[in-house]
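Enquirer: I need the structure of the sequence given here:
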Amino acid sequence: MRLAARPVGEVRPEDWEHRSVPVEQPGPGQFAGRTLVISLDPAMRGWLDDRPSYLPPVGLGEVMRAGSVVEVTASNHPDYRPGDHVVGTFGVQEYVVSDGKGAMKADTSLAPPSTYLGALGMPGMTAYFGLLDVGALEDGETVVVSGAAGAVGSLVGQIAKAKGCRVVGIAGGPEKCALLTGELGFDAAIDYRAEDVRKALRREVPDGIDVYFDNVGGDILDAALTRLAMHARVVICGAISQYNNSTPVQGPSHYLTLLVRRARMEGFVVFDYAERYAEAARAIMSWIQDGRIKVKEHVVKGTVDDFPDTLQMLFRGENIGKLVLELT
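Expert: Modelled structure (predicted):
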């Protein structure tokens, strides 16, 4: 799947082109693989815009950037052999040829391929380092997370619970809120579609928020800023409510609360922690094994032709947990 045009606002079907080309054979130091699952992430929307960011934009005519897990089918690479499962940024395509740069083996005896794109992949790394390093979480604090039923948010809340914290999740719809307080063990959930978030925060966090982990931006970020405790930390992970804007991004109007509460607001990019991914993966795997983290995945089965509509599920709020496209 290649990018055919720069989208303005919401991504349209005509912004994509599905091109068929002959399957390549691996050259010296390369391996070939068949794609099993493809990751879909809100950050993909930003990669389509031609503007400065932490990664260069996807070029017109280029294969869409995406994390995926492939099964090696042929190899001239010393580290990979047929049958191995490999996770990397291989793009939205059925078959890949790679030199292995930036890739790593996925042990599917420990977890299914999709989990290496979720809890053991970028969302897990993002939740771990964003909450514990950027958010400087301390045991027993009060944590609020927006986009709480998504890939990152659901893990943030569970990691905070594993640290003995009170956790409040903000999500859209009764099904997602019931998941948070039921299966995932959040202390409370706020349905932003059904109630006033600012009033609900006054009810659920009367003593204020120590760490607010933001995946949404916009009005919900603004509401959270009004409830900060002294020396609170606001972690800016994403702003999915703003990604399809064709107008300027809506910034927070209550930012002076940071001054009054001696708080800080900090953004981060998970790639800055690449040297410590193994640390995070070990911790998350241990929490999965002892039941403190429950992996939530939303698997869509289809072909690369289903990528455009599956991507839009993120912005329609239809996914629960990590969204992946499993190629059939």
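Enquirer: which residues in this structure form helices?
Expert: All helices of the chain, identified by DSSP state H, fall at 43-47, 122-129, 151-162, 174-181, 197-204, 218-225, 257-260, 277-289, 307-316.
Enquirer: number of nearby residues for the residue lying closest to residue 230 once chain neighbours are set aside?
Expert: Spatial nearest neighbour of residue 230, chain neighbours left out: residue 261 (5.4 Å); criterion: CB to CB, 6 or more residues apart in numbering. (Glycine included, C-beta is placed from N, CA and C.) If you count neighbours by other CB atoms under 10 Å, residue 261 ends up with 17.
Enquirer: ok so, going back, which among the helices of the chain is found nearest to residue 140?
Expert: Closest of these to residue 140 is helix 151-162, at 10.2 Å (criterion: CB to CB).
Enquirer: okay, the angle between the closest one and helix 174-181?
Expert: If you take axes from the mean of the first three to the mean of the last three CA atoms, to 10 degrees, helix 151-162 sits at 30 degrees to helix 174-181.
Enquirer: the inter-axis angle of helix 151-162 versus helix 307-316?
Expert: Between the axes of helix 151-162 and helix 307-316, defined by the same axes, to 10 degrees, the angle is 50 degrees.
Enquirer: So what touches helix 151-162?
Expert: Contacts to helix 151-162, defined as CB atoms under 8 Å, 6 or more residues apart in numbering, come from residues 41, 118-119, 123-124, 126-128, 130-132, 137, 141, 143, 145-148, 167, 169, 171, 180, 184-186, 211, 213, 215, 237-238, 284, 287, 292-294, 296, 319, 321-323.
Enquirer: Centroid-nearest residue for this protein?
Expert: Central residue of the chain (CA atoms, centre = their mean): residue 123, 4.2 Å from the mean position.
Enquirer: My guess is that one contacts residue 324. True?
Expert: No - between residue 123 and residue 324 there is no contact under CB atoms under 8 Å: 10.6 Å.
Enquirer: dump the residue contacts of the spatially closest residue to residue 325 that is not a sequence neighbour.
Expert: Spatial nearest neighbour of residue 325, chain neighbours left out: residue 38 (4.5 Å); criterion: CB to CB, 6+ apart. Residue 38 makes contact with 66-68, 92, 117, 304, 307, 324-325, 327 under the criterion CB under 8 Å, 6+ apart.
Enquirer: how much space between residue 278 and residue 322?
Expert: According to CB to CB, to the nearest Å, residue 278 stands 20 Å off from residue 322.
Enquirer: got it, and residue 112?
Expert: 11 Å.
Enquirer: quick one, which of the two is more surrounded?
Expert: Taking neighbours as other CB under 10 Å, residue 112 and residue 322 compare with residue 322 leading, 27 against 18.
Enquirer: which residues does that one form a beta bridge with?
Expert: With DSSP bridges as the criterion, residue 322 is bridged to residue 297.
Enquirer: Go ahead and confirm it touches residue 123.
Expert: Yes - Residue 322 is in contact with residue 123 according to CB under 8 Å; the separation is 5.8 Å.
Enquirer: quick one: common contacting residues for those two?
Expert: Common contact partners of residue 322 and residue 123 (CB under 8 Å, 6+ apart): 117, 151.
Enquirer: just to revisit the earlier point, select only the buried ones of the contacts of helix 151-162 in ChimeraX?
Expert: Buried residues among the contacts of helix 151-162 (16 or more other CB atoms under 10 Å), as a ChimeraX selection:
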select :41,118,119,123,124,126,127,128,130,131,132,137,141,143,145,146,147,148,167,169,171,180,184,186,211,213,215,237,238,284,287,293,294,296,319,321,322,323
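Enquirer: Filter the contacts of helix 151-162 down to just the ones in strands.
Expert: Secondary structure from DSSP state E places 143, 145-146, 167, 169, 171, 211, 213, 322-323 of the contacts of helix 151-162 in strands.
Enquirer: and the two most separated of those residues?
Expert: Farthest pair in the ones in strands among the contacts of helix 151-162, by CB to CB: 211 and 323, 25.0 Å.
Enquirer: Compute the distance between the residue nearest to residue 230 and residue 203, please.
Expert: As judged by CB to CB, residue 261 and residue 203 stand 19 Å apart.
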